[in-house]
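Undergrad: Attaching a predicted model along with its sequence, questions to come.
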Amino acid sequence: MAPGEVLPAAQVWTLSQRWYDNRLSEAYQGRTAAQVEEIFRSLGMTSAFWQYTGPADAPQK
Amino acid sequence: MPLSSSHTPPDLIWQVRAFIYRSFAETAQPPDPQSVARHFQLGPDEVAQVYRELDQHHAFFLEPGTLDIRIANPFSAIPTDFVVEANGKRYWANCGWDALGIPAALHADARINAACAYSGEPITFHVQNGQLDPTSAVVHFVVPFARWYEDMIFT
């Protein structure tokens, strides 16, 4: 298996709910790297793989 | 609302983003740029400018050198191995995570059909009433977060 991180599908479902919950909202205007890291932290995704080294206000998907 | 300068009003680009996402949710496809132009009373150059700004914001991702929306996470405009059936429609997702992202975004029950990246074996997930049915499947993330945008299609 290639390098990277492997997560149980159940955890990815929780991640999906937090990540995409408001994606269809008129008010959604993206999020910053700092906001992304907060989501990752809330799910225990704290390894170097999930850390961002660029500007904290860089736009995210 | 025709634009009068080279800078797009911030509210407009996010209204266009919402319009495009609504189209994905309702039709599983993005609208064509002409529809966006008609809806917002914009000229072709203005639509192109808005699309480029949204691409730079990572609100969606264009096919390079075109105004074709390839990815509006979690949706894919082109066929993939991750098929999501929800609300009586078939959607394509970009990856295993986005396959779960579509029912999360739609707040809908879903059946997800995918193929294991390593064995090729079919994998099916069910989402019902906001819950993922028990599964032993895993999702493999290959690209570290810090490098997601170097090549979004590969990511």
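TA: Yes, it's here.
Undergrad: Just list the residues touching residue 15, thanks.
TA: By default, I'm working from chain A. The neighbours of A:Leu15, taking CB atoms under 8 Å, 6 or more residues apart in numbering or on different chains as the test, are A:7, A:39, A:43, A:45, B:97. For glycine as for every other residue, the C-beta is placed from the backbone atoms N, C-alpha and C.
Undergrad: my question was about chain B
TA: Taking CB under 8 Å, 6+ apart, we find B:Gln15 in contact with A:26, B:40.
Undergrad: Does it fall in a helix, a strand, or a coil region?
TA: For B:Gln15, the reduced secondary structure class is helix; criterion used: DSSP: H, G, I helix; E, B strand; the rest coil.
Undergrad: again, but for the one 3 residues further on
TA: Counting by three-state DSSP, the backbone at B:Ala18 sits in helix.
Undergrad: could you pull out the strands for the chain?
TA: No chain in the question, so chain A it is. Using DSSP state E, the strands found in chain A span residues A:5-8.
Undergrad: could you do chain B instead?
TA: In chain B, strands defined by DSSP E lie at B:61-62, B:69-72, B:75-76, B:82-86, B:89-93, B:110-115, B:122-128, B:131-132, B:138-141, listed in chain order.
Undergrad: Ok, which of the ones you listed comes nearest A:Arg18?
TA: Closest approach to A:Arg18 among the strands of chain B is made by strand B:131-132 (13.7 Å; CB to CB).
Undergrad: Chain neighbours aside, what residue packs nearest to the residue nearest the centre of chain B?
TA: The centroid of chain B falls nearest to B:Ala72 when counting by CA atoms, centre = their mean (2.3 Å). If the residues on either side of it in the chain are set aside, B:Ala72 comes closest to B:Phe60, at 4.0 Å by CB to CB, 6 or more residues apart in numbering or on different chains.
Undergrad: Then B:Leu62?
TA: Computed as CB to CB, 6+ apart, the closest residue to B:Leu62 that is not its neighbour in sequence is B:Asp55, at 4.9 Å.
Undergrad: wait, isn't that neighbour in contact with B:Phe61?
TA: Yes - A contact is recorded between B:Asp55 and B:Phe61 when judged using CB atoms under 8 Å, the distance being 6.1 Å.
Undergrad: Tell me which of those two has more neighbours.
TA: Comparing B:Asp55 with B:Phe61 by other CB atoms under 10 Å in any protein chain shown, the one with more neighbours is B:Phe61, at 21 against 18.
Undergrad: so what's that one bridging to?
TA: On the basis of DSSP bridges, B:Phe61 is bridged to B:Ile71.
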